[in-house]
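>>> Sequence first, predicted coordinates after that:
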Amino acid sequence: MISFVVPAHNEERLLEGTLRAIHFAARAVAESYEVIVVDDASTDGTAAVAHVNGARVIQVRFRQIARTRNAGARAASGTVLIFVDADTIVQPATVAASVAALEAGAAGGGATVYFDGVLPLWIRILLPVLRTGLRLGRMAAGCYVFCSRTAFDAVGGFDERFYAAEEIAFSRALQRHGSVLTLRESVTSSSRKLCTHSAWDLLRLCGALLRHGTAVVRSRDHLSIWYGSRARGGPS
């Protein structure tokens, strides 16, 4: 069985499209599956949208993506775990390739990520570099991460010390238990985070990382890209 785990905070606007795409992809690959939405302290209709679109809803109040992902995994029954962000559209070919990679012995991995809409020039220049870096580094982008249940349990899930970059730490941990790969098959994620933050915002974050190391991602203080109001295109 495939367990799709979708962490969500105030995602009523985009969640329905994500869930419909997951159902379509899972049915196309003819695998038994379940969809779990982990509703993390939402104040909108996220839970209602999830219920209407055939998902099981787990309620938490963490506001921390690693803990939210882990809560969904603990509730999951599948031998295959696929973590999909609530603003990301998956394709049948990507799900099929994920399952095939695990059956061939991989511990896990991610997909090639594209973004919807018109992107700022600086992002269009940077994205090919980031994609190449993730592929060569054998690391998954956070909007789509797959792994076997065995590998997930072996590494203890996502590291709950991190508020961001938890997928990078998770990918590195998985590498100790098998191959980790970035599929050429793709997913399409929302460009809202990229379009509501400037190059200066990213440079400031990079500067903080250089000065303080991983301490920066061990709290929400410098992480408005993920936890600030602009990350959702609206007020918190």
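Yes, it's here.
>>> so who does the residue most central in space within the chain touch?
Centroid-nearest residue in the chain: Cys143, 2.8 Å away (criterion: C-alpha atoms, centre = their mean). If you count contacts by C-beta atoms under 8 Å, 6 or more residues apart in numbering, Cys143 has them with Val84, Asp85, Asp87, Thr88, Val113, Val187, Ser189. From N, CA and C alone the C-beta is placed, and that goes for glycine too.
>>> one more time with 10 Å, if that's ok
18, 83-90, 110-111, 113, 115, 167, 187-190 (C-beta atoms under 10 Å, 6 or more residues apart in numbering).
>>> can you check Gly137 too?
Counting by C-beta under 10 Å, 6+ apart, Gly137 touches Ile168, Ser171, Arg172, Gln175, Val180, Thr182.
>>> For the closest residue to Ile82 other than its chain neighbours, give the beta-bridge partners.
Distance criterion C-beta to C-beta, 6 or more residues apart in numbering; nearest residue to Ile82, sequence neighbours excluded, is Phe146 at 4.6 Å. On the basis of DSSP bridges, Phe146 is bridged to Ile82, Gly109.
>>> Distance of Phe146 relative to Ala21?
According to C-beta to C-beta, to the nearest Å, Phe146 stands 15 Å off from Ala21.
>>> Neighbour count for these two, which is higher?
Set side by side, Phe146 and Ala21 show more neighbours around Phe146, with 30 against 19, by other C-beta atoms under 10 Å.
>>> The more buried one reaches Thr79, doesn't it?
No: applying C-beta atoms under 10 Å as the test, Phe146 and Thr79 come out as separate, 11.7 Å apart.
>>> Mutual contacts of those two, please.
By C-beta under 10 Å, 6+ apart, the residues touching both Phe146 and Thr79 are Ile2, Leu102.
>>> pull the CA atoms of stretch 22-38 into CSV?
What follows is stretch 22-38, C-alpha atoms only, in CSV (Å, rounded to 0.1, in the frame of the first residue of the first chain):
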residue,chain,number,x,y,z
ILE,A,22,-3.0,12.2,-5.8
HIS,A,23,-6.2,10.2,-6.3
PHE,A,24,-5.8,10.3,-10.1
ALA,A,25,-2.1,9.3,-9.9
ALA,A,26,-2.7,6.5,-7.4
ARG,A,27,-5.5,5.0,-9.4
ALA,A,28,-3.5,5.2,-12.6
VAL,A,29,-0.7,3.1,-11.2
ALA,A,30,-3.3,0.6,-9.8
GLU,A,31,-1.8,0.4,-6.3
SER,A,32,-3.8,0.3,-3.1
TYR,A,33,-3.4,3.6,-1.3
GLU,A,34,-4.5,6.0,1.4
VAL,A,35,-4.3,9.7,1.7
ILE,A,36,-3.6,11.4,5.1
VAL,A,37,-3.9,15.1,5.5
VAL,A,38,-2.1,16.3,8.7
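>>> Let me see the mean pLDDT of that stretch.
The average pLDDT within stretch 22-38 is 96.
>>> next one: it to chain centre, how far?
16 Å (C-alpha atoms, centre = their mean, to the nearest Å).
>>> do the same with stretch 154-173
Centroid displacement of stretch 154-173 relative to its chain, using C-alpha atoms, centre = their mean, is 12 Å.
>>> in it, what counts as buried?
154-155, 157-160, 162-171, 173 (16 or more other C-beta atoms under 10 Å).
>>> beta partners of Leu181?
Residues in beta-bridge contact with Leu181 (DSSP bridges): Gly109.
>>> That one: neighbour count?
Neighbours of Leu181 (other C-beta under 10 Å): 22.
>>> hey, which helix or strand in the chain has the poorest pLDDT?
Lowest on mean pLDDT, DSSP states H and E among the helices and strands of the chain sits helix 199-212, with a mean of 53.
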